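[1] below is the sequence, then the predicted model.
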Amino acid sequence: MKEITISIVSHNNESLIEEMLKESSHIYMDNKIEILIRENKLKSSKVFRELENSNSNIKVFFNKKEFGFGRNQNLNFKRKDPHTKWFIVCNPDLKKLPDKLELGKYNPKKHNVISGNILNEKGL
């Protein structure tokens, strides 16, 4: 059972996503987290297949035609583990995912939307 789904929509951003996942904390390899990558432009990707093969928590989907941001996120939402409490939308151009997720202080039945703080290199 997955508790957290991280949804990433790619528009030929395979190298950015690969770097982000390499730079991110080991917590994203936890069995309670799944990472769904939806590729909107490419029909196949060696990089994405290698990521998917290296970690069972990563699933990659290729669209047959291009869709907008919202539709792509909705398609990923339909593919998430049905027991997921948290669905996190993530842009592919982040340098890394947060070092920790402090979701325990939120109630998914009360908090419809939460957001992380986006900081620059100086922490501002």
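    Arrived safely, thanks for sending.
[2] all strands for the protein, in order.
    Under the criterion DSSP state E, strands of the chain are mapped to 4-10, 33-39, 58-62, 86-90.
[3] closest one to S25 among those strands?
    Closest to S25 of the strands of the chain is strand 33-39 (Cβ to Cβ; 10.6 Å). C-beta: built from backbone N, CA, C; applies to glycine.
[4] any residues touching the closest one, and which ones?
    Contacting residues not belonging to strand 33-39 are listed as 2-10, 12, 14, 17, 21, 27-28, 45, 48, 51, 55, 57-63, 72, 75-76, 79-81, 84 [Cβ atoms under 8 Å, 6 or more residues apart in numbering].
[5] of those residues, select the buried ones using a PyMOL command.
    Per 16 or more other Cβ atoms under 10 Å, the buried members of these correspond to this PyMOL selection:
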select buried, resi 2+3+4+5+6+7+8+9+10+14+17+21+28+45+48+51+57+58+59+60+61+63+72+75+76+80+81+84
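[6] in JSON lines, list the strands of the chain along with mean pLDDT and distance to E102.
    Compiled in JSON lines, those are given as follows (pLDDT from 0 to 100; distance: least, Cβ to Cβ, whole Å):
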{"stretch": "strand 4-10", "mean pLDDT": "94", "distance to E102": "12"}
{"stretch": "strand 33-39", "mean pLDDT": "95", "distance to E102": "14"}
{"stretch": "strand 58-62", "mean pLDDT": "96", "distance to E102": "23"}
{"stretch": "strand 86-90", "mean pLDDT": "91", "distance to E102": "11"}
